[in-house]
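Q: fold the following.
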Amino acid sequence: MAAVLKLDEFNLLDDGECDARIVAARKVLGDRLCILGHHYQRNEVFKHADFTGDSLKLSQLAANSDAEFIVFCGVHFMAEVADILTFGKRTVILPDLAAGCSMADMANLVKVRRCWAEISEVLDPDQHVTPVTYINSAADLKAFCGSHGGIVCTSSNARAVLEWSFARREKVLFFPDQHLGRNTAKNMGISLDEMIVWDFTKPLGGNTPEQIKAAKMILWRGFCSVHQMFQPSHIENFRKRVPNGKVISHPENALAVCEASDYVGSTEYILRTVRASQPGDHWLIGTELNLVNRVADEMKEKGVTVEFMSPTVCMCSTMFRTDPQHLAWTLDNIVAGQPVNRIRVPEEIAEPARAALNLMLEVVD
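A: Numbers count the residues shown, from 1 in each chain. Below is the predicted model:
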C-alpha cells in the first residue's frame, strides 16, 4: 500500500499546480468522489465543488450521494453532520482539520452540562426547558439535545423550531449563538425582558433564580465574530448615500443591525432574494465576504449593484484555512488509497445527534 503523501510537499505548490492535480484526481476518482463547497469558501476552492450551499443543504446532499468519498470544503461541524446523516457509510473528509468554527467552540459539552445542572438548582429543566442547538455546534452538543428532548435548528428554520419547542415546554436554552436566538424570538413576539444571557463563566450564568424562572429564552453567550463586525452605522451611511438602496443581513448579526435591515435571513435566503432583483437595484449585504463578492460579480451582469456592509475586510478565517494545497493533498491521497482527515463521529454520539437532526427535519418538513 502506498505511503501517505505529505502535506509539506503540497504547500510548496502554487495554485495553478494544485488546480492541475485536483482536476487529474477528479478524473481518476470519477463518481467515487463528491466535493461539497460551503458558500463562505474561498473561490479557489469553491470552483471545484460538485455542489454548493449552506451547511445543512450540503449535508443532505451528502446523505443522498452514492459517492464513496465526500470531501467537505467547510468546517469541522459540517463534516460531522455529513458523517452523522450518512450513518458512517461514506468516507467524509475535511481537507484541513484546523478548519473549525469559533462560535461553535464557545459552547462545549462540559459547559452545557454544567449549565443544565445549575438550571436544575432552580427548576427541573427536563420538564421546563427544551435545549436547542444551532447546527453550528459540535456533534456531542447535538447529541445532548437529542438525549434531553431537544432539537437542532438552522438560521432558515429557527422560528419553526422555536415554535415547536415552546409548544412542548415554556422555556428554551439556545446555544451557541445568542444573536440568532434573540432575533428569532423577538420576531415571534417574545420581549427582550423575557430573554436572559447565560454567561458560562459565572454561577447561574450571571442570573438570579428569579430571572431564570421568569425567562422564556435562555441565550448562550456565544456569537459569530464575522457578523459582529457589522454595525448600524454602516447601514445609516449606506442609506444616506443610496436612499433607494436595500439592506439584507444574516440573523447572526446583532439585533440593532437586523432591525435596521430591510430583509433578514440565512445565506440561502440572501442569495435567493438578491438574485430576484431588478436591474438598477442596489444592495448592502451583511454577511461573509466571499459570499458577497461572489454574488456581486454574478449580479453585475444583470445591472444590480451589491456592496459588502463593513468597510473592514471580514471573512471567515477558519473557513479560509481550506486552500487548493489542502484540497489537492486530500484528493491525491484518496487516489493513492490512503484517505486522510476522515471525520468519524462515534455511534454513541451520532445516534442521539441524528435523532435531534431528524426531528428538526420532521418539524420543518
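
Q: next, the buried residues of the strand or helix carrying residue 290.
A: Per DSSP states H and E, residue 290 falls inside helix 289-300. Neighbour-count burial for helix 289-300 flags 289-296, 299 (criterion: 16 or more other C-beta atoms under 10 Å). Placement of C-beta: from N, CA and C, glycine included.

Q: what's it packed up against?
A: Helix 289-300 sits against helix 43-46, helix 267-275, strand 282-286, strand 305-308, with contacts defined as 3 or more C-beta pairs under 8 Å, 6 or more residues apart in numbering; DSSP states H and E.

Q: to residue 182, which of the ones you listed lies closest?
A: When those are compared by C-beta to C-beta, strand 282-286 sits nearest residue 182, at 15.8 Å.

Q: name the helices or strands packed onto that closest one?
A: Packing partners of strand 282-286 (3+ C-beta pairs under 8 Å, 6+ apart): helix 232-241, strand 246-249, helix 267-275, helix 289-300, strand 305-308.

Q: want to throw the ones you listed into CSV with distance to residue 176 and mean pLDDT?
A: Formatted as CSV, the helices and strands packed on strand 282-286 follow (distance: least, C-beta to C-beta, whole Å; pLDDT from 0 to 100):
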stretch, distance to residue 176, mean pLDDT
helix 232-241, 24, 97
strand 246-249, 19, 98
helix 267-275, 18, 95
helix 289-300, 21, 94
strand 305-308, 25, 97
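
Q: looking at the helices and strands packed on helix 289-300, which is closest to residue 240?
A: Nearest to residue 240 among those is strand 282-286 (11.8 Å), distances taken as C-beta to C-beta.

Q: any idea of the mean pLDDT for that closest one?
A: Across strand 282-286, the average pLDDT comes to 97.

Q: tell me the contacts of residue 247?
A: Contacts for residue 247 (C-beta atoms under 8 Å, 6 or more residues apart in numbering) come out as 235, 238-239, 260-263, 283-286, 309.

Q: hmm, I typed the wrong one, I wanted residue 352.
A: Residues near residue 352 by C-beta under 8 Å, 6+ apart: 142-147.

Q: just the element for it, please.
A: Using DSSP H and E, residue 352 falls within helix 347-363.

Q: quick check: mean pLDDT of that helix?
A: Helix 347-363 comes out with an average pLDDT of 95.

Q: again, but for stretch 157-171
A: Stretch 157-171 shows a mean pLDDT of 96.

Q: mind listing what's buried along it?
A: By neighbour count with 16+ other C-beta under 10 Å, stretch 157-171 contains the buried residues 157-162, 164-166, 169, 171.

Q: return the subset of those lying in strands.
A: In strands, judged by DSSP state E, the following of the buried residues of stretch 157-171 are found: residue 171.

Q: sort out for me which of the buried residues of stretch 157-171 are in helices.
A: Using DSSP state H, the subset of these located in helices is 158-162, 164-166.
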